[in-house]
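Participant: with the sequence up front, the predicted model follows.
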Amino acid sequence: LGILDISPSLCNLDNRVNNLHYDYINFWENLRKYFESNKTKSNSNNEFLNNVNKKCLNDTTRLLDDLTDGQLYATQFIDSLGKPGSAILHGNIFMLGSWRECREATSNSTKKQENDVFKGKYCQIIINGLGEVTSIKPIKIGVCVPDSCNETDVRDFFNAKPYDSKLITQKSDNITIKIECPIDDLPWRPIEIVSVAIAAVIGIIVIAATSLEISLSYIILAGSAREREAKKIQPADVKESNGPNEHDNEQMSVNPGNITTQDDPKTKLVTTKTTSKIELFVQLLLCFSLYNNAKKLLHAQHTKNTIETLHGIRVLSMWWVILGHTILFQANEDDNAIEAFEDVQGFFYSIIMQATVSVDTFFVLSGFLIIYLSVQHLEKVGRINIPQLYFHRYWRLTAPYIIVIIFHMGLQYHMGSGPLFQQTGGDPEFCKTNWWSNILYINNFYDTNHMCMGWTWYLANDMQFFMLTPIIIYMFYKRPNIGYATCCFLILVSIASTAVLTAVYGMDARLFHELMHPIDINEFNRIYIKPYCRVGSYAIGMIAGYVLLKHRHINISRTVSALLWFISIAIGISVVFGLYRKPVSGATFGHFSQTLSSIYLSASRPAWSLAVAWV
């Protein structure tokens, strides 16, 4: 552990990492001193040992003895410890060590007790609040201890006397220290067993349905071939035949009921009902066919009424969502956090910082389609079965939603491993208590700090908007002006509520203004996921849907069209790049005035939605 030797000249570098540098050296120096002192001091002189369980203490003492003797397994323990790498001053403060080498390290059996063998257990010391860098991302230091030690034991080790580690013992409201020891083999709880059972049942049904469809396809093709052969028989030959021919015998053997159904009405009725039930079962089973569903998902055919533009908007928006989330969620794992922190202030990085407006695009599409399709249906049929509409929407979404929640609760912790993989706590634990709010689609209001599958706030908003749409559909169908007025009112509600909340809570125009910082949960809960702040985009989509339905073939001059395209593009660019400010050397993100913040946050999403609606 004495390998750390950083030149004192580093002390003259950027003030952002000076505190981190000194505290980091202090920690590793104390850690080295502890391991050295433990070899020379008796147990009675080490006060911390009173809190460590006996098995852990004995295994650790033996580990240190074997390390002195140069045994390979003990060297593996030390070799797997997290050590400082390059670019610490650029934010590389993850010293994870080797998770795999630690878990593979196994002690030798002793002569006194052959079964007295222990393995390596990987743990992490996670420290927040040491200087500016660690306010952005924590220090993570991997340590390898005997598997008889628990998280409390590991913490006591690093509280070792007389060498107090500044990282562990100093008292400060800004510093938080946590010890995490991932479990090698997670136990299988009932919810996890249920998840596997559901997955197995679904898999069996899919295999059975796919096999059935392939078999039926083969039978149909074979039957078509026989029909083509039968047509080759001359009609004269058939008339000259006395009695049933081979084809008649084949038909009677396939459906013997034909012999009796003409003379037995009861039997015919029973046969018809049985056949209907079998056909219904087959149709339901074929719904799970992989072959059938793959054809539907992958086909590129469209009708004359298809609005192909929507497919392009949907694909580009989904790519944007994925790009934004990928960079956002991996930001805290970067080994060049300082560089990344500076890079995100660049002009073109605004595309990432403002990726949240891509979600408003989907709200526009939802509102557009519900009006465009439903008003067409009303014009053809004259009525909509509203209870059936609600039930179909709820059941279509909720059935797979419940399965995904069960899988998330049961299988998430088993889907990976390693020093950065979360094994306990977090989102799956929230689902155990708050799952019901998801299937009622109120999770964007109830206990939002512990939301089950936090990204499903979108589904809650979309369902809440949908509950309003039947009334607005009839407004557009009967009194279009009232429909327009209602949608404009919803847009004003969205703008006003966002502006007021922004001003009251003093929020900045950059809602998630620093990519390297965790998302401000208050901003997320108060504005981002609330339907009254997001309904404006949905209302703009509804207006666009009705306008296109009624005026799809309107002639627009090239000049007017070019002007509207210019305005639409200008609005989109203003929303995405409007908050850019040339960064000042050594400065972090600047904050905007409260007035400007309120104007931007309240108007930017409706403005973006208008630009998308024109497209």
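Facilitator: Great, that's in hand.

Participant: any idea how far Asn461 is from Glu229?
Facilitator: Applying C-beta to C-beta, to the nearest Å, the value for Asn461 to Glu229 is 60 Å. For glycine as for every other residue, the C-beta is placed from the backbone atoms N, C-alpha and C.

Participant: ignore the last one, Thr433
Facilitator: Counting by C-beta to C-beta, the separation of Thr433 from Glu229 is 66 Å.

Participant: and Phe348, by the same measure?
Facilitator: Taken as C-beta to C-beta, the span from Phe348 to Glu229 is 67 Å.

Participant: before we move on, what about Tyr122?
Facilitator: Using C-beta to C-beta, we find Tyr122 at a distance of 70 Å from Glu229.

Participant: of these two, who's got more company?
Facilitator: Tyr122 (27 against 10; other C-beta atoms under 10 Å).

Participant: name whatever forms a beta bridge with the more buried one.
Facilitator: Here Tyr122 sits in beta bridges with Cys144, going by DSSP bridges.

Participant: now do the contacts for it.
Facilitator: Ser80, Gly97, Trp99, Cys102, Arg103, Gly142, Val143, Cys144, Cys181, Pro182, Pro419 (C-beta atoms under 8 Å, 6 or more residues apart in numbering).

Participant: give me the distance between the first one and Gly120.
Facilitator: In this view, Ser80 and Gly120 are 7 Å apart by C-beta to C-beta.

Participant: again with the fourth one
Facilitator: Noted for Cys102: a distance of 4 Å to Gly120, by C-beta to C-beta.

Participant: list the residues that contact both of the two?
Facilitator: Listed as contacting both Cys102 and Gly120 by C-beta under 8 Å, 6+ apart are Gln76, Phe77, Ser80, Cys144.

Participant: in CSV: the residues you listed, plus secondary structure and neighbour count.
Facilitator: As requested, those are exported to CSV (DSSP: H, G, I helix; E, B strand; the rest coil; neighbours: other C-beta atoms under 10 Å):
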residue, secondary structure, neighbour count
Gln76, helix, 18
Phe77, helix, 24
Ser80, coil, 23
Cys144, strand, 25
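
Participant: okay, now the unreliable bits of this protein?
Facilitator: Regions of the chain meeting the criterion pLDDT under 70 cover residues 1-50, 110-115, 130-136, 158-174, 184, 225, 231-275, 423-426, 511-521, 583-591.

Participant: where do the strands sit along it?
Facilitator: Along the chain, counting by DSSP state E, strands occupy 94-95, 120-128, 139-146, 176-180.

Participant: got CSV for those strands, with distance to His551 too?
Facilitator: As requested, those are exported to CSV (distance: least, C-beta to C-beta, whole Å):
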stretch, distance to His551
strand 94-95, 57
strand 120-128, 57
strand 139-146, 58
strand 176-180, 59
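
Participant: Glu342: which of those strands is closest?
Facilitator: strand 94-95 (18.7 Å; C-beta to C-beta).

Participant: so how far is the closest one from its chain's centroid?
Facilitator: Chain-centre distance of strand 94-95: 25 Å, with C-alpha atoms, centre = their mean, to the nearest Å.

Participant: Tyr484 - how many residues pack around it?
Facilitator: 17.

Participant: which residues does it contact?
Facilitator: Counting by C-beta under 8 Å, 6+ apart, Tyr484 makes contact with Ile543, Tyr546.

Participant: again, only using 10 Å
Facilitator: For Tyr484, the contacting residues are Met475, Phe476, Ala539, Met542, Ile543, Tyr546, Val547, by C-beta atoms under 10 Å, 6 or more residues apart in numbering.

Participant: could the residues you listed be laid out in a markdown table, adding neighbour count and distance to Ser109?
Facilitator: A markdown table is the format used below for the contacts of Tyr484 (neighbours: other C-beta atoms under 10 Å; distance: C-beta to C-beta, whole Å):
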| residue | neighbour count | distance to Ser109 |
| --- | --- | --- |
| Met475 | 20 | 81 |
| Phe476 | 25 | 80 |
| Ala539 | 27 | 73 |
| Met542 | 32 | 74 |
| Ile543 | 24 | 77 |
| Tyr546 | 23 | 79 |
| Val547 | 17 | 80 |
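
Participant: between these, which sits nearest Asn444?
Facilitator: For these, the closest approach to Asn444 (C-beta to C-beta) belongs to Ala539, at 17.8 Å.

Participant: gap between the closest one and Lys530?
Facilitator: Per C-beta to C-beta, Ala539 is found 15 Å from Lys530.
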